[in-house]
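>>> need a 3D model of the sequence below.
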Amino acid sequence: MKNSLSMKIKKLNPDVTLPRYAYPGDAGLDLSAAEDAVLQPFERRLISTGIAVAIPEGYAGFVLPRSGLAVKSGISIVNAPGLVDSGYRGELKVALLNTDAHEPFKLSVGDRIAQLVILETPVVSLEEVDELPDSVRGTGGFGSSGVSA
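Residues are numbered from 1 along each chain as shown. Below is the predicted model:
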């Protein structure tokens, strides 16, 4: 059984679609566009959702691309994942990017454009040290696990 968390949400436009889970057990709430738009090849644009949320303290929202849009149309999110802090009360907007080199992407009000995942975010206490403990990975960066960048 999934853990439950209550979150307040406000429609900034009475006609917008509220976020929802597409299937039981989904991690992300589908966010929908509150405006019509056409993204030309390689264009990025901030798209309104027409909603604002009050994410509970101790949690944050992460705005992620929808895999279907990415595969079918080359649509992604410029700053993926977008971070929504618990203290933010403004409109949720999504920075969409059309990565397709040839085709414009048309979206209409109500189209699902991203997912919002709410995760617990602990407050971290920093402890400055002269040396960090060893690990198997050490200082290995991109490609250190055998996958080249």
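>>> counting neighbours, what do you get for Ser32?
22 (other C-beta atoms under 10 Å). Every C-beta, even on glycine, is put in place using the N, C-alpha and C of the backbone.
>>> where exactly do the strands run in this structure?
With DSSP state E as the criterion, the chain has strands at 8-11, 29-32, 37-39, 44-54, 59-64, 75-77, 82-84, 91-98, 105-107, 112-120.
>>> against Leu29, how distant is the residue lying closest to His102 once chain neighbours are set aside?
Closest residue to His102 apart from its sequence neighbours, by C-beta to C-beta, 6 or more residues apart in numbering: Pro41 at 6.0 Å. Taking C-beta to C-beta, to the nearest Å as the measure, Pro41 falls 29 Å from Leu29.
>>> more neighbours, the two?
For Pro41 versus Leu29, neighbours defined as other C-beta under 10 Å are more numerous around Leu29 (19 against 13).
>>> quick one: pLDDT of the more buried one?
For Leu29, the model assigns a pLDDT of 97.
>>> who's it bridged to?
Under DSSP bridges, the beta-bridge partners of Leu29 are Leu116.
>>> measure it to Lys8 for me?
For Leu29, the distance to Lys8 (C-beta to C-beta) stands at 14 Å.
>>> show the pLDDT at Met1.
Met1 is assigned a pLDDT of 50 by the prediction.
>>> centre-most residue in the protein?
Centroid-nearest residue in the chain, with C-alpha atoms, centre = their mean: Val63, separated by 1.1 Å.
>>> name the residues of stretch 101-116 that are buried.
Phe105, Leu107, Val109, Asp111, Arg112, Ile113, Ala114, Gln115, Leu116 (16 or more other C-beta atoms under 10 Å).
>>> contacts only, for the second one.
If you count contacts by C-beta atoms under 8 Å, 6 or more residues apart in numbering, Leu107 has them with Ala33, Asp36, Ala37, Val38, Leu39, Ile47, Leu96, Ile113.
>>> including distance to Val16, could those go into a markdown table?
Below are the contacts of Leu107 laid out as a markdown table (distance: C-beta to C-beta, whole Å):
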| residue | distance to Val16 |
| --- | --- |
| Ala33 | 9 |
| Asp36 | 13 |
| Ala37 | 15 |
| Val38 | 20 |
| Leu39 | 20 |
| Ile47 | 12 |
| Leu96 | 17 |
| Ile113 | 12 |
